[in-house]
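K.L.:
fold the following for me, if possible:
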Amino acid sequence: MSEASFTLFQNTVIGIEIILYACCLTAFFYPYIAGRKRGHLADIIKMLAVFTSYSVIYFFNMAAGMGALVCMASVIILLTLAAKYLGVEKKSALFMGVVFFCIRNLSSLAVASVNFYTGRHLVKGEEGVERVLRNAALNFCLVELLQLVLFSALLYMVARQLRKCRTELHIRELCYLLLTPVTGILFVNILFRILIVTTGEMSIQLYEQYPVLIWIVPVAAALFYAGILVTIISYQKMVGLQEEKERYFVEQQQVHAIQERMAEVEQFYDGIRRMKHEMKNHLTNIKGLLESGNYGGMGQYISRMDESMDAFEFSIKTGNAVTDVIMNDRQKAAEKQGIRFRSEFTYPESERYDAYDIGIIVNNLLQNALEACGKMRQGDRYIFISSRQKRKFFLIEVRNPFEGEIIMDADTNLPISTKGKGPFGRQGFMHGIGLSNVKREAEKYMGDVDIKVKKNEFSVTVMLQERRQV
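P.N.:
Numbers count the residues shown, from 1 in each chain. The predicted model follows:
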């Protein structure tokens, strides 16, 4: 192989490598730029934009020699600026770009030791120039292939971990997540500058002076990669604890609200007891009106008594004071909005259910149904709640119509907001707390939540199982 052929071969491999890395970057961003209908024309254009941004800059670098750091910075800045068009949050796009190039640099550093070892055995000066160049080309191709395979595996593991994140990034969180990958990029670039030192016509490799670096360098690359994974995982745990705290806070607020409403009901019941106590006086007044022949006044008096009695009467009776209060409050709220409300709910006969747990489930289901119906601009608006008991199982079902599109989260199997499709979250997190709390309460009873969407009707069925008495 001649020097010209070797240079052509090397440039060809580098060109193929640029295309493959551009494909990897596109695949890395794909889950966050693609809409619900995968393969849509708009998504294909976005993917081409990511692919082109990488390949154009790096092909230009082959001709102009801008430098590795300049190329990386150019691609990251371009992706960050185009984040809104791609449908990715800007801070998330910045973080993903930095992580991509950090992993690429770390994989390159990890195979540097392999390159040194294979180069010493394959490329020998005494074999003749053509043979040396042929072996050098073979070594170059094998090392680049190994680097690409290693990079793809490392990027895949990080991509899987990133898809588990469910919250929007803030500046402080972004700085925390960027610390390790940015340090890794700088570390790799500094180390590559000192691994091979050129003095005049001589090139001295640091591996020759310090053979121990052959295994220290890959270990350092592995530690940096582990640091990125640990940072992402610790961040996810922190986010999980925060979400758990928010869910607990909402649940406690609901319990507190139910308790306050129960106190109001107790006052109603006191009014009923007072009315019973005053019934003798009422009967005396009616008797007096009757004896005086004032039948009109007697009729008005009885009507006022009837209205007073209605104020203390629940139109829906479930068999439990907690669910009575919630059901009647939600019925009144529905009637104010012109929503038909129908209930076939009966509280379970078993004593192995906590009234406040059932109350939280019913309250959240009905509140979600009210919000969905309230957003409808046309069509029949209704809420139907029912329950049934089968031996040790208690089922609660709520059905209501809706408008728009519902997307289910693959991990939680709960609806998610269509806003903020970044890798780190959904802006509509608070909208999902209601059903998250329902699922949490169901899990206390070894139960589950089943959601069905049929045409424009949303149906939630909660299955509970009697808890064993301790």
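K.L.:
number of residues surrounding Ala136?
P.N.:
17 (other C-beta atoms under 10 Å). Placement of C-beta: from N, CA and C, glycine included.
K.L.:
please shift the residue numbers so they start at 519 in all later answers.
P.N.:
In the new count, where the first residue is 519, that last one comes out as Ala654.
K.L.:
isn't it right up against Phe527?
P.N.:
No: between Ala654 and Phe527 there is no contact under C-beta atoms under 8 Å: 9.6 Å.
K.L.:
quick one: contacts for Tyr871?
P.N.:
Contacts here follow C-beta atoms under 8 Å, 6 or more residues apart in numbering; on that basis Tyr871 touches 912, 963, 982, 984-985.
K.L.:
who wins on neighbours among those residues?
P.N.:
Leu982 (27 neighbours).
K.L.:
which pLDDT value belongs to that residue?
P.N.:
Among the per-residue scores, Leu982 shows a pLDDT of 93.
K.L.:
hey, what's it bridged with?
P.N.:
Beta-bridge partners recorded for Leu982 (DSSP bridges): Phe912.
K.L.:
wait, it sits on Phe912?
P.N.:
Yes: between Leu982 and Phe912 there is a contact under C-beta under 8 Å: 4.6 Å.
K.L.:
check which helix or strand covers Ser977.
P.N.:
strand 975-983 (DSSP states H and E).
K.L.:
could I get the buried residue list for that strand?
P.N.:
976, 978-983 (16 or more other C-beta atoms under 10 Å).
K.L.:
got JSON lines for those residues, with distance to Ala744 too?
P.N.:
Output for the buried residues of strand 975-983, formatted as JSON lines (distance: C-beta to C-beta, whole Å):
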{"residue": "Phe976", "distance to Ala744": "44"}
{"residue": "Val978", "distance to Ala744": "42"}
{"residue": "Thr979", "distance to Ala744": "44"}
{"residue": "Val980", "distance to Ala744": "42"}
{"residue": "Met981", "distance to Ala744": "42"}
{"residue": "Leu982", "distance to Ala744": "43"}
{"residue": "Gln983", "distance to Ala744": "42"}
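K.L.:
pick the one among those residues closest to Ile595.
P.N.:
Phe976 (42.8 Å; C-beta to C-beta).
K.L.:
ok, the closest residue to that closest one other than its chain neighbours to Ser905 distance?
P.N.:
The shortest distance from Phe976 to any non-neighbouring residue, by C-beta to C-beta, 6 or more residues apart in numbering, is to Phe920 (5.0 Å). Relative to Ser905, Phe920 is positioned 22 Å away (C-beta to C-beta, to the nearest Å).
K.L.:
all strands in the protein, in order from the N-terminus.
P.N.:
Counting by DSSP state E, the chain has strands at residues 714-717, 720-723, 858-862, 900-908, 911-919, 925-926, 933-934, 966-972, 975-983.
K.L.:
those strands: which one's closest to Ser752?
P.N.:
strand 933-934 (23.8 Å).
K.L.:
and Pro866, what does it touch?
P.N.:
With contact taken as C-beta under 8 Å, 6+ apart, Pro866 is in contact with 876, 905, 907, 912.
K.L.:
shouldn't the first one be in contact with Ala839?
P.N.:
This means Ile876. No: Ile876 lies out of contact with Ala839 (C-beta under 8 Å); the separation is 11.6 Å.
K.L.:
which of the two has more neighbours?
P.N.:
Ile876 (25 against 17).
K.L.:
kindly provide the distance from that one to Met845.
P.N.:
In terms of C-beta to C-beta, Ile876 sits 11 Å off from Met845.
K.L.:
what sits closest to Glu915 if chain neighbours are left out?
P.N.:
Thr979 (4.7 Å).
K.L.:
which ones are touching the nearest residue to Ile751 once chain neighbours are set aside?
P.N.:
Excluding the flanking residues, the one nearest Ile751 by C-beta to C-beta, 6+ apart is Gln679, at 6.7 Å. If you count contacts by C-beta under 8 Å, 6+ apart, Gln679 has them with 747, 750-751, 754.
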